[in-house]
Each structure stands twice: as structure tokens, then as C-alpha cells.
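*Asks:* Model the structure of this input:
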Amino acid sequence: MNTASKQSKVRLSVVIFTLCLFTAGFCNAGDIGAGKTRAAACVGCHGMQGISVAPNYPNLAGQKEKYLASAINSYRSGGRNDPTMKAMVASLSDDDVANLAAYFSSLASN
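*Replies:* Below is the predicted model:
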């Protein structure tokens with residue numbers, strides 16, 4: 001393989017890798033504003049800013065977005081068993097889950 005051919009393959013690999021990184025981040029990103037609107041139902045237990053109102057409810061502020069989406073989806077699928085949470089997330093769409101996860105992960109956890 002000649003040098004020009006190797007350089008072309010390296011350039012192509014860099015372009016493909018960059019596109020994969022960009023589209024992965026773009027496609028998974030939720031809408032923080034829409035999440036804030038949808039979070040109105042969550043504040044009774046998890047607080048206005050994602051800091052829980054009682055020690056038996058977890059803080060959501062500052063959690064990683066992927067973790068929050070995974071947890072919500074686990075309640076939706078029955079992987080996590082909590083009757084209150086199951087009822088709260090039952091009507092959420094995939095977009096709602098992404099938006100809620102984006103919103104709560106954007107909040108300061110202090």
C-alpha cells in the first residue's frame with residue numbers, strides 16, 4: 001500500500017469517526033426546555049430543582065443524562081419495581097424520557 005493510499009484511509013477514518021461522534025451526541029440529546037415543562041409532575045417528590053423534598057426520594061439534579069433515561073425506562077419496562085414511579089412514567093414517550101433526563105442532568109446538584 002502506498003503512502004497516498006494510507007493517508008486517504010486515515011483521513012476517511014477520521015471523517016467517519018467525527019461524524020459518528022457528532023450524530024451520537026445530537027441524536028441522544030433531549031430538549032431541556034421541554035423537560036422542564038414535563039417535570040412539573042415530578043416536583044412533588046423530587047423538588048423544584050431536582051433536590052428531593054424528603055430523604056426517601058432521590059435527588060435527580062446533576063445525575064448523568066444516560067443514567068436518568070435508563071432509570072426511567074427501567075420503571076417503564078418493569079425492571080425497577082415501584083408502583084408510584086411506574087404510574088408516573090407510564091404515559092411518557094421516548095422523547096419525554098430524553099427531555100426529562102436532559103433537564104434534570106442540567107441542574108446543579110448542590
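*Asks:* May I have the residues that are in contact with residue 58?
*Replies:* Residues in contact with residue 58 (CB atoms under 8 Å, 6 or more residues apart in numbering) are 46, 52. All C-beta spots, glycine's among them, are computed from the backbone N, C-alpha and C.
*Asks:* and the residue nearest to residue 90 when sequence neighbours are not counted, what does it touch?
*Replies:* Spatial nearest neighbour of residue 90, excluding adjacent residues (CB to CB, 6 or more residues apart in numbering): residue 76 at 7.0 Å. Neighbouring residues of residue 76 by CB under 8 Å, 6+ apart: 86, 89, 90, 92, 97.
*Asks:* how close does residue 76 sit to residue 70?
*Replies:* Plainly put, residue 76 is 11 Å away from residue 70 if you go by CB to CB, to the nearest Å.
*Asks:* Show me which of the contacts of residue 76 are buried.
*Replies:* 89, 92, 97 (16 or more other CB atoms under 10 Å).
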